[in-house]
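Asker: show me how the following folds:
(one chain, ligands or ions: 2)
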Amino acid sequence: MEKKITILGGDGIGPEVMQQAIKVLDAIGDRYGHDFHYDYRLIGGVAIEQTMEPLPESTIESCRKSDAVLLGAIGHPKYSDPKMKVRPEQGLLAIRKELGLYCNVRPVTAYEGLLDMSPLKNDRITGVDFVIYRELTGGIYFGESGRSEDGKYAFDKCEYHDHEIERIVRQAFQEAGNRRNKVTLVDKANVLESSRLWREVFDRVAAQYPSVETDYLYIDNACMQMILNPRRFDVVVTSNIFGDIISDEGSVIAGSLGLLPSASIGEDYALFEPVHGSWPEGAGQDKANPLAMVLSAAMMLQYFGLVEEAVAVRQAVSKCIDQSYLTSDLSEDNAKSCSEVGSYLSRLLMTHAIA
Ligand code: IPM
Ligand code: MN
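Answerer: Numbers count the residues shown, from 1 in each chain. Ligands and ions are numbered 1, 2, ... in the order given. Modelled structure (predicted):
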């Protein structure tokens, strides 16, 4: 198989973790006879440095011509003042919107070998395996916003159309069929009108999937349940901002934000990126955890229909965890560097140490 992939390393640790994902993809290409062609482009702070824009037109063009996009991370402290007109994060929001990536999939897994790394009790998190379906191109992130002239009043509108809700809810129900047949809608329907629309649409779609169990949780309660009883979740579907919040919370179950991958899927395009940010303090030090990036590449392989290949990458990651071949976020002593972990994974795949 031949695939063209746009590579957006981005800021901070983005390019370092990306390098490891490329090593892994090259190993997969070698082993299974695929050609992955990479087109390196700019986004975020590095793009602002070089072109004055967080998302240059040439980047979008490349993404449109590719079979998929891999993204490292976005954000730089230089732009941390939220009052700045041009910020790296605008590049991320713009690419999601431009490519119509409405469906953000964020799996949360508690790995057996890492249970002790979570601050939560082992017996609470053993066997946790759920996936968050976060709406990614609507809601309060993209509604009208503004500020009064005297600067003393500001607003951000949370807007949803029924069709925007329906398409992601449908994806969530479809996924439930491949899993444990349960979908939880997370909202704030006791307060927000947009959440009440989410419930209506959710119920309408649910009626077409009678074998799928459903329930609703208000976001505040959902945050609590995720800590108290995370095994109750299978597929969670929710709006843009609620999904942003609970996915970071979910990472505490996995033991590190450095473990969570994500896929952002639209009608025509797909982008794969870790849930973590650019960790500027760790940049250039070869110590970031590359596993979230590598697992995002595995989600891309799955999207290409390369299921065996995706499984092989996940098995290599599991082996890394079992052998405690891990970066400092997950290993107190004998921590490995980012590039060591990448090379180890690639070696495992090349030498067929993975079945
Ligand atoms: C995420 C990030 C982004 C978001 C930021 C960087 C704009 O936190 O992907 O979760 O809020 O969506
Ligand atoms: Mn986030």
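
Asker: which residues touch Phe242?
Answerer: Arg134, Val186, Asp187, Lys188, Ile219, Ala222 (C-beta atoms under 8 Å, 6 or more residues apart in numbering). Backbone N, C-alpha and C define where each C-beta goes, glycine included.

Asker: buried set for the one helix or strand it maps to?
Answerer: Assessed by DSSP states H and E, Phe242 sits inside helix 240-254. Residues of helix 240-254 classed as buried by neighbour count (16 or more other C-beta atoms under 10 Å): 240-244, 246-247, 249-254.

Asker: sorry, back to before: in strands, which of the contacts of Phe242 fall?
Answerer: Taking DSSP state E as the definition of strands, the contacts of Phe242 contribute Arg134, Val186, Asp187.

Asker: closest one of those residues to Gln302?
Answerer: Relative to Gln302, the closest of the ones in strands among the contacts of Phe242 is Arg134; by C-beta to C-beta it sits at 18.0 Å.

Asker: picking up where we left off before, can you narrow the buried residues of helix 240-254 down to the ones near ligand 1?
Answerer: Among the buried residues of helix 240-254, proximity to ligand 1 is found for Asp244 (C-beta under 6 Å from any ligand atom).

Asker: can I get the buried residues of helix 240-254 in a markdown table with pLDDT and distance to Ala27?
Answerer: As requested, the buried residues of helix 240-254 are exported to a markdown table (pLDDT from 0 to 100; distance: C-beta to C-beta, whole Å):
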| residue | pLDDT | distance to Ala27 |
| --- | --- | --- |
| Asn240 | 98 | 35 |
| Ile241 | 98 | 38 |
| Phe242 | 98 | 37 |
| Gly243 | 97 | 32 |
| Asp244 | 96 | 33 |
| Ile246 | 96 | 34 |
| Ser247 | 93 | 28 |
| Glu249 | 93 | 33 |
| Gly250 | 93 | 29 |
| Ser251 | 90 | 27 |
| Val252 | 92 | 31 |
| Ile253 | 94 | 29 |
| Ala254 | 91 | 24 |
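
Asker: ok, back up a step: now, which of the contacts of Phe242 sits nearest ligand 1?
Answerer: Using C-beta to the nearest ligand atom, Arg134 comes nearest to ligand 1 of these, at 8.1 Å.

Asker: measure that closest one to Val186 for me?
Answerer: 10 Å (C-beta to C-beta, to the nearest Å).

Asker: common neighbours of those two, please.
Answerer: Common neighbours of Arg134 and Val186 (C-beta under 8 Å, 6+ apart) are Thr238, Phe242, Gly243.

Asker: just put these in a markdown table and tack on distance to Gly100.
Answerer: Converted to a markdown table, the shared contacts of Arg134 and Val186 look like this (distance: C-beta to C-beta, whole Å):
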| residue | distance to Gly100 |
| --- | --- |
| Thr238 | 19 |
| Phe242 | 21 |
| Gly243 | 17 |
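
Asker: which of those residues lies closest to ligand 1?
Answerer: Using C-beta to the nearest ligand atom, these come closest to ligand 1 at Gly243, 8.1 Å.

Asker: quick one, what contacts the closest one?
Answerer: Gly243 makes contact with Asn104, Arg106, Ile132, Tyr133, Arg134, Glu135, Leu136, Val186, according to C-beta under 8 Å, 6+ apart.

Asker: at 6 Å instead, please
Answerer: Applying C-beta atoms under 6 Å, 6 or more residues apart in numbering, we find Gly243 in contact with Ile132, Arg134.

Asker: and what of Val237?
Answerer: By C-beta under 6 Å, 6+ apart, the contact list for Val237 reads Tyr133, Val169, Ala172, Leu185.

Asker: the second one belongs to a strand?
Answerer: Okay, so that is Val169. No - counting by DSSP: H, G, I helix; E, B strand; the rest coil, Val169 is not part of a strand but helix.

Asker: can you pull the pLDDT of it?
Answerer: In this prediction, Val169 carries a pLDDT score of 98.

Asker: next one: the third one
Answerer: Among the per-residue scores, Ala172 holds a pLDDT of 98.

Asker: please tell me how far the closest residue to Asp162 other than its chain neighbours sits from Arg170.
Answerer: Among residues not flanking Asp162 along the chain, Val201 sits closest, at 5.3 Å (C-beta to C-beta, 6 or more residues apart in numbering). Distance from Val201 to Arg170, counting by C-beta to C-beta: 9 Å.

Asker: and the helices in the stretch 151-300 of the chain?
Answerer: Ranges of helices within the stretch 151-300 of the chain are 162-178, 193-206, 219-228, 240-254, 291-303, based on DSSP state H, counting those that start in this stretch.

Asker: residues in contact with the first one?
Answerer: Outside helix 162-178, the residues that touch it by C-beta under 6 Å, 6+ apart are 103, 133, 135, 138, 183, 198, 201-202, 205, 209, 212, 235, 237.

Asker: which single one of the contacts of Val237 is nearest to Ala292?
Answerer: The nearest one, if we look at the contacts of Val237 relative to Ala292 and count by C-beta to C-beta, is Tyr133, at 18.1 Å.
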